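Asks: Below are the sequence and a predicted model for it; my questions follow.
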Amino acid sequence: MFITLEGPEGSGKTTAVEFAVNKLLEMGYEIVRTREPGGTIISEQIRNVILDKANTAMDARTEALLYAASRRQHLVEKIWPALKAGKIVICDRYLDSSLAYQGGARELGIEEVLKVNLFATENTWPDLTLLFDIDPIIGLSRISSNNQREVNRLDLEKLDFHKKVRATFLKLAKQYPERYAIIDASKSREEVANATLDAILSRLCK
């Protein structure tokens, strides 16, 4: 099973999934946890270019293409082999992030960005996408108060950008209801973690 985690910046998905993964491992599931952009040596190198705060001149289409390139390499080297081996892959961000950030917030168009990514991924969709939904004001305030979290180029975008990201994610959730599960990320860490585990188990037990 291929599970992806999505949401605006500061939604707390990383913390929640750590709890869920530990529980799933205790239950005997084989889990491969990874992230985007990144996950492999080549993909991590592309990540460094994308998120470097010094790269303020990066064109929106260049950004979208770099994400797709990183995603392709990630699939080839890590995700596809793990799925073929019968493991559960849990990926922090995937194709939907490109649709929300570049398609929606950068206003390149969801369909246009989707075309690029379907070419890169050979139509590889997640079985389950967990959307950690939160007001961008709350999410960004979490980032500013967390000294241990990496602050990247996208974190520095204006509030309107992050509002567009959230709105696009919610639009995608309506468009793909059979794949999406929405987690209220404004709740306590314990509540979000438990909701995350419940959403994964409900799909695994189908």
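Replies: Yes, it's here.
Asks: alpha carbons only for contacts and neighbour counts from here, please
Replies: Noted.
Asks: how long is stretch 170-190 end to end?
Replies: Stretch 170-190 has its terminal residues 23 Å apart, counting by C-alpha to C-alpha, to the nearest Å.
Asks: Where do the helices of this protein begin and end?
Replies: Taking DSSP state H, the helices of the chain run over residues 13-26, 41-51, 60-74, 80-84, 95-98, 110-121, 136-145, 159-175, 189-204.
Asks: now for the fifth one, which elements pack on it?
Replies: In other words, helix 95-98. Judged by 3 or more C-alpha pairs under 8 Å, 6 or more residues apart in numbering; DSSP states H and E, the packing partners of helix 95-98 are helix 60-74.
Asks: Need the residues that contact the helix it packs on.
Replies: With C-alpha atoms under 8 Å, 6 or more residues apart in numbering as the test, helix 60-74 has contacts from 36-40, 42-44, 46-47, 50, 94-95, 98, 102, 106, 108, 113, 116-117, 120-121.
Asks: same thing but 10 Å
Replies: Residues external to helix 60-74 that are found in contact with it (C-alpha atoms under 10 Å, 6 or more residues apart in numbering): 34-47, 49-51, 79-80, 94-95, 97-99, 101-103, 106-108, 113-114, 116-122.
Asks: for the nearest residue to I110 once chain neighbours are set aside, what are its contacts?
Replies: Excluding the flanking residues, the one nearest I110 by C-alpha to C-alpha, 6 or more residues apart in numbering is G103, at 4.2 Å. G103 makes contact with 60-61, 64, 96-97, 109-114, 164-165, 168, according to C-alpha under 10 Å, 6+ apart.
Asks: can you check T40 too?
Replies: T34, I46, S70, R71, Q73, H74, L75, V76, E77, K78.
Asks: give me the number of residues near the fifth one?
Replies: If I follow you right, that is Q73. Counted with other C-alpha atoms under 10 Å, residues neighbouring Q73 total 20.
Asks: and it, how far is that from I79?
Replies: 9 Å.
Asks: Residues that sit against both of the two, list them.
Replies: Shared contacts of Q73 and I79, defined by C-alpha under 10 Å, 6+ apart, comprise G39.
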